[in-house]
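Peer 1: can't give you the sequence, but here's the structure:
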Ligand SMILES: Nc1ncnc2c1ncn2[C@@H]1O[C@H](COP(=O)(O)OP(=O)(O)OP(=O)(O)O)[C@@H](O)[C@H]1O
Ligand SMILES: [Mg+2]
């Protein structure tokens, strides 16, 4: 298992070293970016509306009862942008995009497509891994921003509509506006960048190390998702701690 | 890694000599290649025959540089196979399964090498791709995806993809295994033509007896990872070794029952 992590780190470093080749591979990066957006944007928005809604639903009545109704908007706003959007969007990306990456690269490995690339002196890390890592690193933070907006609206709708909360749209967003700082949003977005790199590198790694024929592909996909989720949660704590110190 | 501009200087158009010295390879406890010694001369068409599972594909993987042997040495001219230094000796491989990239069209597959290494303009790549596809008897399939092709067509596309590299050494893993007899002859002629015009050294793994007798200069028989005989097709077919006779004999019998 430690060897796996070591190899993942090496893959990450090698991808990092290949970053100057981004411009050369821009077409593939855009293609990947498009695929990722297509796979996850709609789902991200729906998910975010319900997450925002449920936080308002859980916290709203209690806060209204205690007479701090004016902080409901802020609470929903903060919990989304600092924690829930980055983590949930990364979970979504791991499940939808990471699994697809592991499956695609895994099948390329099994059907010798990667060997074929190598015999043509095409480095699979430049050709396959780099575009995916870069596209993911751009796509996930964007998902987080979308999730923030939709989550806030979801919270607002519940706050307005639920008779036990009953906070007007305007008051909700005033509260959100006064409590949420640009630094809070930034810290969430920055965290999601870290998660995105993790998911992409782990998924590519799992795809590349697939062995044992078509059956191995399924195993790689499962491992890609499981490892991504575990690492997201571990790094969430670490990144939060570090960002607390920096920002 | 990328094929540099200096490639013009260092890619010599001269054909290559391949030498294997005591090459061994095991996967776990299973010994697949046992002390393989071979020398393939420049411009030669060298065939490797042997029963299924005897290690032929594994041998090609060692020569191509996809894997390195556990012990022993492989020389391509005066260098070891090294995929990251393709600017020095160009080696192309045609995989047993074709190994076309399923996410790319046939045209993109064939042109991939030129495209990725920025060796030609888009227009020129298109022209070269059609020419190479035509050479293997395929026309107007550029826009199709590999999944829309038959097994034999895939094989021919992957031969076209290998030719685009303009290799000095080309390794075929069963070039005619999925082809009808007419296409098989076409491919055989193409292999010959490449050797005659460009002096490409050819190593082909095959079960196709006609192909070997028709175009191979020499044949090696490999059984259980060991080379048991090397010689011209005539010599091999006249070989009295029981194992070899059995192998070729079964071949004959099989053919006779079909005819
Ligand atoms: N990656 C691998 N891991 C473990 N064993 C392998 C691997 N590749 C090949 N082998 C074993 O090596 C032996 C030789 O395989 P190889 O593919 O070279 O056979 P072959 O001579 O090409 O047969 P065929 O004519 O059927 O293609 C087989 O017994 C196979 O089980
Ligand atoms: Mg084989």
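Peer 2: Perfect, thanks for sending it. Being a predicted model, the structure only gives us computed values, none of them experimental. Ligands and ions are numbered 1, 2, ... in the order given.

Peer 1: make it CA atoms for all contacts and neighbour counts henceforth
Peer 2: Noted.

Peer 1: the closest residue to residue B:65 other than its chain neighbours sits in which helix or strand?
Peer 2: Distances taken as Cα to Cα, 6 or more residues apart in numbering or on different chains place residue B:81 nearest to residue B:65, at 4.9 Å, with adjacent residues excluded. Assigned by DSSP states H and E, residue B:81 falls within no helix or strand.

Peer 1: kindly report the same for residue B:179.
Peer 2: Going by DSSP H and E, residue B:179 is not in any helix or strand.

Peer 1: report pLDDT for it.
Peer 2: For residue B:179, the pLDDT comes out at 82.

Peer 1: now swap in residue B:2 and tell me
Peer 2: According to the model, residue B:2 carries a pLDDT of 44.

Peer 1: before we move on, back to that, so how many other residues sit close to the residue nearest to residue B:65?
Peer 2: As a burial measure, residue B:81 scores 24 neighbours (other Cα atoms under 10 Å in any protein chain shown).

Peer 1: with the one 3 residues further on instead?
Peer 2: Applying the criterion other Cα under 10 Å, we find 17 residues in the vicinity of residue B:84.

Peer 1: surely it touches residue A:121?
Peer 2: Yes. Counting by Cα atoms under 8 Å, residue B:84 does reach residue A:121; the two are 5.9 Å apart.

Peer 1: on that earlier part again, surely the residue nearest to residue B:65 is in contact with residue B:63?
Peer 2: Yes. With contact defined as Cα under 8 Å, residue B:81 counts as touching residue B:63 (6.6 Å).

Peer 1: so what's in contact with these two at the same time?
Peer 2: Both residue B:81 and residue B:63 are contacted by residue B:74, under the criterion Cα atoms under 8 Å, 6 or more residues apart in numbering or on different chains.

Peer 1: give me every residue in chain A lying close to chain B.
Peer 2: Within chain A, the positions near chain B by Cα under 8 Å from any Cα of the partner chain are A:108, A:111, A:112, A:113, A:115, A:116, A:118, A:119, A:120, A:121, A:122, A:123.

Peer 1: quick one: contacts for the first one?
Peer 2: Read that as residue A:108. A:114, B:101.

Peer 1: assumed it was part of a strand.
Peer 2: No. Secondary structure of residue A:108 (DSSP: H, G, I helix; E, B strand; the rest coil): helix, not part of a strand.

Peer 1: what's the pLDDT at it?
Peer 2: Note for residue A:108: predicted pLDDT of 95.

Peer 1: for residue B:116, see how far away it is.
Peer 2: 18 Å (Cα to Cα, to the nearest Å).

Peer 1: and the furthest pair within the residues of chain A next to chain B?
Peer 2: Farthest-apart pair in those is A:111 and A:121; separation 17.7 Å (Cα to Cα).

Peer 1: phi, psi for residue A:24 please.
Peer 2: Note on residue A:24: backbone dihedrals following degrees, to the nearest 10 are phi -60, psi -40.

Peer 1: show me what contacts it?
Peer 2: Taking Cα under 8 Å, 6+ apart as the definition, residue A:24 has no contacts.

Peer 1: poorly predicted segments of the chain, please.
Peer 2: Since you didn't name a chain, this refers to chain A. The model of chain A has no residue with pLDDT under 70.

Peer 1: you answered for a different chain; I wanted chain B.
Peer 2: Using pLDDT under 70, chain B drops low at B:1-13, B:85-88, B:249-259.

Peer 1: excluding residues flanking it in the chain, which one is nearest residue B:59?
Peer 2: residue B:33 (7.3 Å).

Peer 1: wait, is the one you found part of a helix?
Peer 2: No. Read with three-state DSSP, residue B:33 is strand and lies in no helix.

Peer 1: residues near residue B:185, how many?
Peer 2: For residue B:185, the neighbour count with other Cα under 10 Å is 16.

Peer 1: how about it: what's its closest non-neighbour residue?
Peer 2: Leaving aside its chain neighbours, residue B:185 sits nearest to residue B:211 (7.6 Å; criterion: Cα to Cα, 6+ apart).

Peer 1: can you classify the one you found as helix, strand or coil?
Peer 2: What three-state DSSP gives for residue B:211 is helix.

Peer 1: can stretch B:214-232 be said to contact ligand 1?
Peer 2: No. Applying Cα under 6 Å from any ligand atom, one finds stretch B:214-232 separated from ligand 1 by no less than 7.6 Å.

Peer 1: quick one: residue A:69 from residue B:74, how far?
Peer 2: For residue A:69 relative to residue B:74 (Cα to Cα), the value is 77 Å.

Peer 1: what of residue B:227?
Peer 2: For residue B:227, the distance to residue B:74 equals 16 Å [Cα to Cα].

Peer 1: compare those two (neighbour count), which wins?
Peer 2: residue B:74 (25 against 20).

Peer 1: pretty sure that one sits in a strand.
Peer 2: Yes. The assignment for residue B:74 by three-state DSSP puts it in a strand.

Peer 1: quick one, phi psi at the residue lying closest to it once chain neighbours are set aside?
Peer 2: Take residue B:74 and drop its neighbours on the chain: the residue closest to it by Cα to Cα, 6+ apart is residue B:20, 4.5 Å away. Per-residue torsions, residue B:20: phi -120, psi 130 (degrees, to the nearest 10).

Peer 1: got the contact list for residue B:20?
Peer 2: B:36, B:37, B:38, B:39, B:72, B:73, B:74, B:75 are the contacts of residue B:20 under Cα under 8 Å, 6+ apart.

Peer 1: tell me which other helices or strands the helix or strand encompassing the third one touches.
Peer 2: With the criterion set as DSSP H and E, the secondary-structure element containing residue B:38 is strand B:30-40. Under the contact criterion of 3 or more Cα pairs under 8 Å, 6 or more residues apart in numbering or on different chains; DSSP states H and E, the helices and strands touching strand B:30-40 comprise strand B:18-27, helix B:56-64, strand B:226-231.

Peer 1: give me whichever of these is most buried.
Peer 2: Highest mean neighbour count among the helices and strands packed on strand B:30-40 (mean count of other Cα atoms under 10 Å in any protein chain shown): helix B:56-64, with a mean of 22.

Peer 1: got the contact list for it?
Peer 2: A:119, B:32-33, B:48-50, B:67-69, B:74, B:81, B:83, B:91-93, B:96, B:171, B:173, B:205, B:222, B:225.

Peer 1: angle of it against strand B:18-27?
Peer 2: 120 degrees (axes from the mean of the first three to the mean of the last three Cα atoms, to 10 degrees).

Peer 1: tell me the angle of helix B:56-64 relative to strand B:30-40?
Peer 2: Angle, helix B:56-64 to strand B:30-40, by the same axes, to 10 degrees: 60 degrees.

Peer 1: so what's the gap between helix B:56-64 and the chain middle?
Peer 2: Here helix B:56-64 is found 10 Å from its chain centre; the criterion is Cα atoms, centre = their mean, to the nearest Å.

Peer 1: thank you, goodbye.
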